[in-house]
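Q: Return atomic coordinates for the entry below.
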Amino acid sequence: MNKKRILIVDDEISFTRLLKLNLEQTNDYVVRVENWAEDALPAAREFRPDLVLLDVMMPRMFGGEIAARIRDDTSLKATPIVFLTAAVSKTRLKELDGVISGFPGLAKPASVEDVIDQIERCLARRPSALRTPPNHKGWVCV
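A: Predicted coordinates for the structure are as follows:
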């Protein structure tokens with residue numbers, strides 16, 4: 001079974017450590033964490049995630065700017081992005097139909113089950129069979 005590659009970008013180190021641990025314990029995911037916003041794009045280029053979980057409010061760069069940079073990169077533009085943020089309440093997110101700035105979103109605190117559910121929904125909507133193997137420079141169909 002191929003494990004899904006998840007990149008978590010969030011400045012809260014204890015949060016990312018716990019989420020990484022919980023996701024990897026399912027044996028369905030390989031998780032990379034970046035706690036500095038400016039490291040997100042280089043990490044995504046190297047790691048080639050199947051999905052990015054991205055905080056909105058971070059020092060020095062907002063999640064929206066990171067998302068725009070990912071979308072501008074031809075090798076990453078099809079990578080699903082999910083905003084995971086405390087900047088929007090669960091109630092407000094419901095009013096927004098679960099979308100923040102055009103991307104699916106989750107309000108913190110979110111349960112591991114909610115995070116996994118959102119990951120799986122987003123990956124199911126992704127163009128079929130697109131995946132980037134490790135150490136490969138572009139998208140391939142498998």
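
Q: Can you name the residues in contact with stretch 31-50?
A: With contacts defined as Cβ atoms under 8 Å, 6 or more residues apart in numbering, stretch 31-50 is touched by 4-13, 16-17, 19-20, 23-24, 52, 54, 58-63, 65-66, 69-70, 73, 75-76, 79-80, 123, 126, 131-134, 136. All C-beta spots, glycine's among them, are computed from the backbone N, C-alpha and C.

Q: the helices in this structure, which residues?
A: Taking DSSP state H as the criterion, the chain carries its helices at 13-25, 40-47, 63-72, 90-95, 112-125.

Q: Contact partners for the closest residue to residue 27 other than its chain neighbours?
A: Nearest residue to residue 27, sequence neighbours excluded (Cβ to Cβ, 6 or more residues apart in numbering): residue 3, at 7.3 Å. Neighbouring residues of residue 3 by Cβ under 8 Å, 6+ apart: 27-30.

Q: how close does residue 3 sit to residue 56?
A: Distance, residue 3 to residue 56, using Cβ to Cβ, to the nearest Å: 27 Å.

Q: Among the contacts of stretch 31-50, name the buried ones.
A: Using 16 or more other Cβ atoms under 10 Å as the burial test, the contacts of stretch 31-50 include 4-11, 16, 19-20, 23, 52, 54, 58, 61-63, 66, 70, 76, 79-80, 131-132 as buried.
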